[in-house]
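Participant: Sequence unavailable; structure follows:
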């Protein structure tokens with residue numbers, strides 16, 4: 001057993017006033033605010049010794065050997081206890097009442113895969129999710145059928161307990177969470193056998209989500225109150241549905257616009273033609289003007305993606321790729337040579353295309369005195 005007289009440095013027949021003076025002197029030396037962490041343990045022992053020896057009843061019990069050292073009632077009261085007194089007790093108990101047993105559940109996240117057309121026009125999907133749901137046996141009360149939670153007999157339903165201890169500041173009342181009821185203010189003598197007193201169980205259910213037009217890869221849709229039911233049958237969190245966009249075999253998405261490449265035969269590009277293109281809205285005719293070059297882009301207005309935050313749709317950009325034949329039979333080669341002769345291109349002279357008023361053209365103009 002700790003010798004509290006030795007801790008305070010007083011005789012066993014010291015008066016209460018001598019004990020208080022010894023305590024105040026040591027407290028000024030070893031208080032954590034003065035001595036820091038190095039004096040915290042010593043200050044705890046000094047406070048515990050003063051708490052016992054300055055109280056006549058506790059001192060008599062101590063002298064008779066009926067009270068242990070630091071484990072006795074009221075022992076160990078120090079700076080932490082004082083802090084808790086003024087700024088709130090540890091463990092959640094408070095003067096405002098017990099902690100609610102029902103608490104909000106966590107949010108949940110599920111991912112779904114969508115085709116490009118589904119993202120463009122929106123879609124309704126049925127989702128099967130595994131989340132916590134209210135227990136169908138106790139309906140969130142956590143108690144077995146026919147029973148109910150009982151007020152805690154230790155804290156009287158307050159969820160916290162109080163104690164009075166003596167310190168160098170005088171008598172100080174502290175409060176802490178009631179260990180008997182974990183701060184809830186009530187106990188459950190007979191927990192529900194279905195949920196083991198949790199008030200919720202794991203369940204599989206089907207919910208419907210309406211995906212608006214214009215969503216893209218990574219978009220999250222929030223479904224309020226469709227997440228995990230909280231402990232004690234508390235309100236459910238939210239469910240987030242994250243979109244994963246599947247790649248399309250033809251179209252590439254850039255924001256609200258779509259891009260694709262359409263191969264056009266050399267002869268069709270030279271003579272002009274009408275080609276059929278399958279879009280998200282169905283088959284569309286694309287007019288290719290005579291003399292179309294390989295870098296030409298045809299824009300189909302309003303044939304792109306729906307706009308998530310706005311009206312209308314984006315555009316579709318068709319990039320033309322003029323293809324040159326690589327294998328010709330004799331007749332085809334003969335016709336092409338004839339065409340080349342008619343156009344004076346038997347020996348075509350390559351030339352650089354004009355690039356506008358660039359550095360070289362400006363230099364050329366200056367040398368020419370223009």
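Facilitator: Sure thing, it's come through. This is a predicted model, so every value here is computed, not measured.
Participant: quick one: contacts for residue 264?
Facilitator: Listed by C-beta atoms under 8 Å, 6 or more residues apart in numbering, the contact set of residue 264 reads 273, 275, 288, 292, 320-323. Yep, even glycine has a C-beta here, placed from its N, CA and C like the rest.
Participant: repeat that for 10 Å
Facilitator: Counting by C-beta atoms under 10 Å, 6 or more residues apart in numbering, residue 264 touches 270, 273, 275, 286, 288, 292, 294, 296, 318, 320-323.
Participant: What subset of the residues you listed is buried?
Facilitator: By neighbour count, with 16 or more other C-beta atoms under 10 Å, these hold 273, 275, 286, 288, 292, 296, 318, 320, 322 as buried.
Participant: Output the lowest mean pLDDT helix or strand found in the chain.
Facilitator: Among the helices and strands of the chain, helix 359-367 carries the lowest confidence by mean pLDDT, DSSP states H and E, at a mean of 43.
Participant: The stretch 151-300 of the chain: strands as residue ranges?
Facilitator: Shown for the stretch 151-300 of the chain, the strands assigned by DSSP state E, counting those that start in this stretch span residues 160-167, 170-177, 186-187, 200-211, 220-223, 239-245, 252-254, 257-265, 273-279, 282-288, 297-300.
Participant: Residue 291 is in contact with residue 268, isn't it?
Facilitator: No - the criterion here is C-beta atoms under 10 Å, and residue 291 misses it with residue 268 at 11.1 Å.
Participant: residues near residue 316, how many?
Facilitator: For residue 316, the count of nearby residues is 24 (other C-beta atoms under 10 Å).
Participant: With residue 111 instead?
Facilitator: Look at residue 111: counted by other C-beta under 10 Å, it has 10 neighbours.
Participant: would you say it is within a strand?
Facilitator: Yes - counting by DSSP: H, G, I helix; E, B strand; the rest coil, one finds residue 111 located in a strand.
Participant: and the gap between the residue lying closest to it once chain neighbours are set aside and residue 17?
Facilitator: Nearest non-adjacent residue to residue 111, counting by C-beta to C-beta, 6 or more residues apart in numbering: residue 242, 4.7 Å away. Between residue 242 and residue 17 the distance is 72 Å, computed by C-beta to C-beta, to the nearest Å.
Participant: related to what we said a few turns ago, so residue 291 and residue 268 - more neighbours on which side?
Facilitator: It is residue 268, of residue 291 and residue 268, that has more neighbours when counted by other C-beta under 10 Å, with 18 against 10.
Participant: need the contact list for the residue lying closest to residue 288 once chain neighbours are set aside.
Facilitator: Nearest residue to residue 288, sequence neighbours excluded (C-beta to C-beta, 6+ apart): residue 273, at 5.1 Å. By C-beta under 10 Å, 6+ apart, the contact set of residue 273 is 264-265, 267, 286-290, 292.
Participant: Go ahead and measure how far the one helix or strand residue 47 maps to is from the middle of the chain.
Facilitator: Residue 47 is located in helix 40-53, with elements delineated by DSSP states H and E. Between the centre of helix 40-53 and the centre of its chain there are 46 Å (C-alpha atoms, centre = their mean, to the nearest Å).
Participant: After that helix, which helix or strand is next?
Facilitator: Immediately after helix 40-53, counting by DSSP H and E, sits helix 56-63.
Participant: That following helix - contacts with which helices or strands?
Facilitator: Using 3 or more C-beta pairs under 10 Å, 6 or more residues apart in numbering; DSSP states H and E, the elements in contact with helix 56-63 are helix 4-8, helix 16-30, helix 40-53.
Participant: Just send those helices back as JSON lines, with mean neighbour count too.
Facilitator: What follows is the helices and strands packed on helix 56-63, written out as JSON lines (neighbours: other C-beta atoms under 10 Å):
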{"stretch": "helix 4-8", "mean neighbour count": "20"}
{"stretch": "helix 16-30", "mean neighbour count": "16"}
{"stretch": "helix 40-53", "mean neighbour count": "22"}
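Participant: among the ones you listed, which is nearest residue 178?
Facilitator: Among the helices and strands packed on helix 56-63, helix 40-53 comes nearest to residue 178, with 22.2 Å by C-beta to C-beta.
Participant: Out of the strands of the stretch 151-300 of the chain, the one nearest residue 41 is which?
Facilitator: Closest to residue 41 of these, according to C-beta to C-beta: strand 160-167, at 16.4 Å.
Participant: Do me a favour and average the pLDDT over that closest one.
Facilitator: Over the span of strand 160-167, the pLDDT mean works out to 72.
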